[in-house]
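In: just need the structure, nothing else, for what follows:
(one chain, ligands or ions: 1)
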Amino acid sequence: MGRIVLVTGGNRGIGAAIARAFLAAGDTVAVASRSGEAPEGCHGFVCDVSDTASVEACFDAVERDLGPVEVAVANAGITRDGLIMRMSDDDIDAVLNTNLFGALRVSRRAAKGMLRLRRGRIIFIGSVVGLLGSAGQTNYAAAKAALVGLARSLAREVGGRGITVNVIAPGFVETDMTAELPEERRAQIIAGVPLGRYAQPEEVADVATFLASPAAGYITGAVVPVDGGLGMGH
Ligand code: NDP
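Out: The predicted structure follows:
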């Protein structure tokens, strides 16, 4: 649709699928990550969302090279799983700093440009575990749950300027992140999913492009599950 779209963590996994989906819809796509290559046809920018200066420099470069960002997808995320008694300060800080504060930094910078444009779409990639909980993921679930409060507050702040803010809450998706899980845990997870399988990254991407489309113009402050029924109302 000819807009400038920025996807953090768009070099692989869910982010890459989102980047490719926007590209296929005719948008110009900037992919922001610490390493790796942008998907073919997308523009790669170096960005570490855990660092404010890096986020600011990335948006400045995107605006200079491509134009104002109209759709921002805060997708970059990491896990540092472990039971809370064994969780280090570094595990807590790294996950909060990337998954929550990173999303906050990205949305703050994105909103600045969108307020000027008087339109825009901000999409956070949360997780079903933010609402359902997950033993061994207290740091990650805390960050993902907080994205809901962030999105809803921001939606109230910027709604008057034609900007929508939503959260997608995926269940388990086939990516590098879940490839780390032991086979036994994987089988346990699938047993709890009514659809009986993991999602493909493209199934999350389809919802992202929908939320950024004219068809979703009146949807804001929403948490949209893409979890095969795992969360069931959460
Ligand atoms: P991957 O591990 O496959 O990819 C993570 C992406 O985030 C990479 O592109 C990585 O790029 C980027 N990233 C990590 N840290 C930073 C950083 N500090 N700055 C910029 N980019 C960073 O993960 P997924 O594709 O599986 O996950 C994407 C999002 O979806 C995450 O927020 C995750 O929490 C969420 N999610 C995933 C689920 C799943 O089952 N896979 C389920 C629910 C939610 P690089 O390392 O090069 O910087």
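In: close to the ligand, is the lengthiest strand in the chain?
Out: Taking DSSP state E as the criterion, the chain has its longest strand at strand 163-170. Yes - Strand 163-170 reaches the ligand (CB under 6 Å from any ligand atom) through Pro170. Placement of C-beta: from N, CA and C, glycine included.
In: and the helix or strand bottoming out on mean pLDDT in the chain, what's buried?
Out: Using mean pLDDT, DSSP states H and E, helix 176-179 stands out as the lowest-scoring helix or strand of the chain, at a mean of 88. Residues Thr178 are the ones in helix 176-179 that count as buried (16 or more other CB atoms under 10 Å).
In: what about it, near the ligand?
Out: Yes - counting by CB under 6 Å from any ligand atom, the ligand has neighbours in helix 176-179: 176-178.
In: likewise for stretch 182-202?
Out: No - judged by CB under 6 Å from any ligand atom, stretch 182-202 makes no contact with the ligand; its nearest approach is 6.5 Å.
In: from the chain's centre, how far out does that stretch sit?
Out: Chain-centre distance of stretch 182-202: 20 Å, with CA atoms, centre = their mean, to the nearest Å.
In: again with stretch 92-100
Out: Computed by CA atoms, centre = their mean, the separation of stretch 92-100 from the middle of its chain amounts to 14 Å.
In: mind listing what's buried in that stretch?
Out: Neighbour counts over stretch 92-100 (16+ other CB under 10 Å) mark 92, 94-100 as buried.
In: C-terminal to the least confident helix or strand of the chain, what's the next element?
Out: Next along the chain after helix 176-179, taking DSSP states H and E as the criterion, comes helix 183-191.
In: re earlier: could you dump the longest strand of the chain to CSV, C-alpha only?
Out: Output in CSV follows, covering the C-alpha atoms of strand 163-170 (Å, rounded to 0.1, in the frame of the first residue of the first chain):
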residue,chain,number,x,y,z
ILE,A,163,-3.0,6.3,15.4
THR,A,164,-4.0,2.8,16.5
VAL,A,165,-2.0,0.6,18.9
ASN,A,166,-2.6,-3.1,19.3
VAL,A,167,-1.0,-6.2,20.6
ILE,A,168,-0.7,-9.6,18.9
ALA,A,169,-0.4,-12.4,21.3
PRO,A,170,0.9,-15.5,19.5
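In: output the longest helix belonging to the chain.
Out: In the chain, with assignment by DSSP state H, the single longest helix is helix 138-158.
In: list of residues touching it?
Out: 79-81, 84, 87, 91-92, 95-96, 99-100, 103-104, 107, 111, 114-115, 120, 122, 124, 126-127, 129-131, 133-134, 164-167, 169, 220-221, 223 (CB atoms under 8 Å, 6 or more residues apart in numbering).
In: equivalent analysis for stretch 95-113, please.
Out: In contact with stretch 95-113 (CB under 8 Å, 6+ apart) are residues 6, 8, 49-50, 52, 55-56, 59, 63, 68-69, 72, 74, 76-80, 120, 122, 124, 139-140, 142-144, 146-147, 150, 154, 157-158, 163, 165.
In: walk me through which strands the longest strand of the chain pairs with, and which way each runs.
Out: Paired strands of strand 163-170, with direction, are strand 120-125 (parallel), strand 223-226 (parallel) (DSSP bridges).
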